[in-house]
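Peer 1: no sequence for this one, just the structure:
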């Protein structure tokens, strides 16, 4: 039997009632949920422990969600972020996706929508990490083959030089 470690989910939401609803949606899923109600505390928490996924409200009482997204992007922190807002529009979604949000939810949303969205962003993250690993392996093999070819070419060149020198004798 395989036991999966819980997925660390950080919810940054200033409305406690909504945060409780979202936690309730995920109670029987494999998430370890932490709730923070403001942007400054969220940044401190992220600096201490990187969550596996971030559920981020765009409108917070202190630091806005867009600023948090920009901070994550500047620091190159590999955290998939699902942005949520009650003020949903295509313009808002595009603005959130530009600095690196993985997906966008318009409030209110139901348990099924949240579950599907979180699974999709985590699956995408897993595929990205796998792709990076494959790329690293291929690059390593390429460098090794390039080294072997270089050694072979230098060896052939050296053999030709020795043959030329031998013919002069």
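Peer 2: Cool, got the structure. Bear in mind the structure is a predicted one, so any value in this text is a computation, not a measurement.
Peer 1: where do the helices sit along this structure?
Peer 2: Ranges of helices in the chain, per DSSP state H, are 16-25, 39-48, 65-74, 90-97, 111-168.
Peer 1: Give me the below-cutoff pLDDT ranges for this structure.
Peer 2: Within the chain, the segments meeting pLDDT under 70 span 1-3, 88-90, 93, 129-139, 141-169.
Peer 1: quick one: contacts for the closest residue to residue 4 other than its chain neighbours?
Peer 2: Nearest residue to residue 4 in three dimensions, chain neighbours excluded: residue 30, at 5.7 Å (C-beta to C-beta, 6 or more residues apart in numbering). The way it works is simple: take the backbone N, C-alpha and C, and place the C-beta from them, glycine included. Residue 30 makes contact with 4, 6, 7 under the criterion C-beta atoms under 8 Å, 6 or more residues apart in numbering.
Peer 1: now residue 125
Peer 2: 53, 78, 80, 102.
Peer 1: Tell me the buried residues within those.
Peer 2: By neighbour count, with 16 or more other C-beta atoms under 10 Å, the contacts of residue 125 hold 53, 80, 102 as buried.
Peer 1: Tabulate these in a markdown table, adding columns for distance to residue 18.
Peer 2: Shown next, in a markdown table, are the buried ones among the contacts of residue 125 (distance: C-beta to C-beta, whole Å):
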| residue | distance to residue 18 |
| --- | --- |
| 53 | 17 |
| 80 | 20 |
| 102 | 20 |
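Peer 1: Can you tell me which of those is nearest residue 45?
Peer 2: Proximity of the buried ones among the contacts of residue 125 to residue 45 (C-beta to C-beta) peaks at residue 53, which lies at 13.5 Å.
Peer 1: Quick check: the closest one vs residue 140, distance?
Peer 2: 30 Å (C-beta to C-beta, to the nearest Å).
Peer 1: follow-up on the earlier one: in strands, which of the buried ones among the contacts of residue 125 appear?
Peer 2: residue 53 (DSSP state E).
Peer 1: before we move on, back to that, scan the contacts of residue 30 and report the most crowded one.
Peer 2: Tallying neighbours with other C-beta atoms under 10 Å puts residue 7 at the head of the contacts of residue 30, with 17 neighbours.
Peer 1: Tell me who's in contact with that one.
Peer 2: Applying C-beta under 8 Å, 6+ apart to residue 7 gives the contacts 30, 31, 32, 52, 53, 122.
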